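> This is a predicted model, with the sequence first.
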Amino acid sequence: MAEQMVIIGNHEVQVLLHYKDLIPRLEVALGKFSKRDSAEIIQPVRSTVPLQRYNGFLGLMPAYLVHEDILCTKMVCFYKRDSGSTLPSTQSTVLLFDPEHGNVKAVMDGEVITAKRTAAVSAISAKLLMPARAEVFTILGAGQQALSHYIVFTETFSFKEVRVWSRRRESSERFAQAAHGPVRVCGSAEEAVNGADVIVTVTGASEPVLFGQWVKPGAHVAAVGACRPDWRELDDVLMREAEVYVDSREGAGAEAGDVILSGVQVYAELGEVLNGTRSAHREKTTVFKSLGTVSYFRHQ
Ligand SMILES: NC(=O)C1=CN([C@@H]2O[C@H](COP(=O)(O)OP(=O)(O)OC[C@H]3O[C@@H](n4cnc5c(N)ncnc54)[C@H](O)[C@@H]3O)[C@@H](O)[C@H]2O)C=CC1
Ligand SMILES: O=C([O-])C1=[NH+]CCC1
């Protein structure tokens with residue numbers, strides 16, 4: 001008989017999901033994904049349904065981890081919101097199936113999963129690619145991803161200075177108050193990134209907010225927003241100067257405006273670096289273009 005379906009709400013996910021478990025499990029999942037071995041993991045490129053009337057998209061992200069026998073899908077709606085909008089820009093739900101019977105075993109709120117998973121993968125990119133003595137950490141954008149990135153980056157690394165910039169100063173100030181540590185609120189993106197060693201872009205922008213001429217040579221950029229083929233967060237100068245890493249080559253070719261429109265070649269997937277089939281070059285300026293693959297694991 002099929003098990004009873006459980007519903008796992010936001011608070012419960014928050015209590016259960018910890019970066020200390022998430023980071024190593026995501027490293028394993030990214031490595032498996034990059035092997036492209038369908039005996040291990042089946043994870044097609046996200047399909048998207050445009051919601052033109054609402055300036056948004058529904059993304060469907062299924063995955064089957066064969067050995068672990070985990071069958072899941074995330075469904076995520078994401079929107080381009082006007083400045084001042086109070087509506088959420090991302091909402092998601094994760095379904096866990098019984099792979100043998102096909103019934104849904106669990107419905108999980110995806111808000112915290114998305115916030116923590118995305119930030120944890122960016123932290124993995126920084127572990128692999130940021131300069132050896134990284135002192136200044138900058139966040140462009142001051143929403144939900146900004147906060148999860150702040151938490152995992154300051155827990156994982158020791159920076160001397162953390163800076164934030166957002167298009168509305170009051171959002172940056174709210175962010176700085178919510179952060180558990182000193183944050184310098186900057187008046188412009190250029191001021192925020194000047195001399196920064198690690199930069200995270202977590203904005204809802206569809207035009208570049210980060211320009212290569214501002215970026216210190218050797219810095220690492222984790223670019224998390226701009227997940228549509230015609231959206232940008234980074235300009236061509238930065239994309240062409242940097243060595244470019246992605247979570248999924250196929251995903252980047254289909255969805256990453258920063259990669260597609262700049263015409264650059266992707267150097268490696270993070271999973272290829274983790275598997276040792278590509279070297280990481282932390283001495284170079286590096287960009288990790290994140291789109292969000294699903295990476296599932298069984299909670300112990
Ligand atoms: N790569 C991935 O796996 C994921 C990517 N995302 C993307 O990350 C981005 C941030 O997500 P959230 O923090 O949840 O959104 P949010 O709405 O909570 O925060 C977005 C921030 O970007 C700023 N912003 C919006 N438009 C801007 C513009 N044109 N120029 C400069 N700043 C602008 C907002 O003022 C706000 O500070 C979104 O683009 C979202 O689609 C979200 C989840 C996963
Ligand atoms: O993986 C994810 O949840 C998303 N990627 C782009 C917007 C939301």
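Happy to help now that I have it. Residues are numbered from 1 along each chain as shown. Ligands and ions are numbered 1, 2, ... in the order given.
> Could you pull out the strands in the stretch 101-250 of the chain for me?
Taking DSSP state E, counting those that start in this stretch, the strands of the stretch 101-250 of the chain run over residues 104-109, 136-140, 161-165, 184-185, 198-201, 220-223, 243-246.
> Next, the buried residues of the longest one.
The one in question is strand 104-109. Val104, Lys105, Met108, Asp109 (16 or more other C-beta atoms under 10 Å). The way it works is simple: take the backbone N, C-alpha and C, and place the C-beta from them, glycine included.
> and the two most separated of the residues you listed?
Greatest spatial distance in the buried residues of strand 104-109: Lys105 and Asp109, 15.3 Å, computed using C-beta to C-beta.
> Show me what from the protein comes close to ligand 1.
Counting by C-beta under 6 Å from any ligand atom, the chain comes close to ligand 1 at 78, 89-90, 114, 118, 141-146, 166-168, 171, 202-205, 209, 224-225, 227, 290-292.
> If any of those residues are buried, put those into a PyMOL selection.
Per 16+ other C-beta under 10 Å, the buried members of the residues of the chain next to ligand 1 correspond to this PyMOL selection:
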select buried, resi 78+89+90+114+118+141+142+143+144+145+146+166+171+202+203+204+205+209+224+225+227+290+291+292
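> Please narrow the residues of the chain next to ligand 1 to those residing in helices.
The helices, defined by DSSP state H, take in Thr114, Thr118, Gln144, Gln145, Ala146, Ser171 from the residues of the chain next to ligand 1.
> quick one, phi psi at Val6?
Torsion angles at Val6 (phi, psi; degrees, to the nearest 10) stand at phi -110, psi 150.
> Can you tell me how far the closest residue to Leu291 other than its chain neighbours is from Ile7?
Closest residue to Leu291 apart from its sequence neighbours, by C-beta to C-beta, 6 or more residues apart in numbering: Gly251 at 4.6 Å. The spacing between Gly251 and Ile7, counted by C-beta to C-beta, to the nearest Å, is 29 Å.
> Need the buried residues of strand 104-109 in CSV (columns: distance to ligand 2 and pLDDT).
Below are the buried residues of strand 104-109 laid out as CSV (distance: C-beta to the nearest ligand atom, whole Å; pLDDT from 0 to 100):
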residue, distance to ligand 2, pLDDT
Val104, 19, 97
Lys105, 21, 96
Met108, 13, 96
Asp109, 13, 96
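> Quick check: of these, which lies closest to Thr277?
For the buried residues of strand 104-109, the nearest to Thr277 is Met108 (32.4 Å; C-beta to C-beta).
> Model confidence score at Gln84, please.
Heads up, residue 84 is Gly, not Gln. In this model, Gly84 is scored at 83, pLDDT.
> roughly how far apart are the closest residue to ligand 2 within the stretch 201-300 of the chain and Val273?
Here the stretch 201-300 of the chain gets closest to ligand 2 at one residue, Gly292, 2.2 Å apart by C-beta to the nearest ligand atom. Using C-beta to C-beta, one gets 18 Å for the distance from Gly292 to Val273.
> next one: Val246
Applying C-beta to C-beta, the value for Val246 to Val273 is 11 Å.
> And the residue of the stretch 201-300 of the chain closest to ligand 2, how far from Ser92?
According to C-beta to C-beta, Gly292 and Ser92 sit 10 Å apart.
> can you put the buried residues of strand 104-109 in a markdown table and add distance to Glu283?
Shown next, in a markdown table, are those (distance: C-beta to C-beta, whole Å):
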| residue | distance to Glu283 |
| --- | --- |
| Val104 | 48 |
| Lys105 | 46 |
| Met108 | 40 |
| Asp109 | 41 |
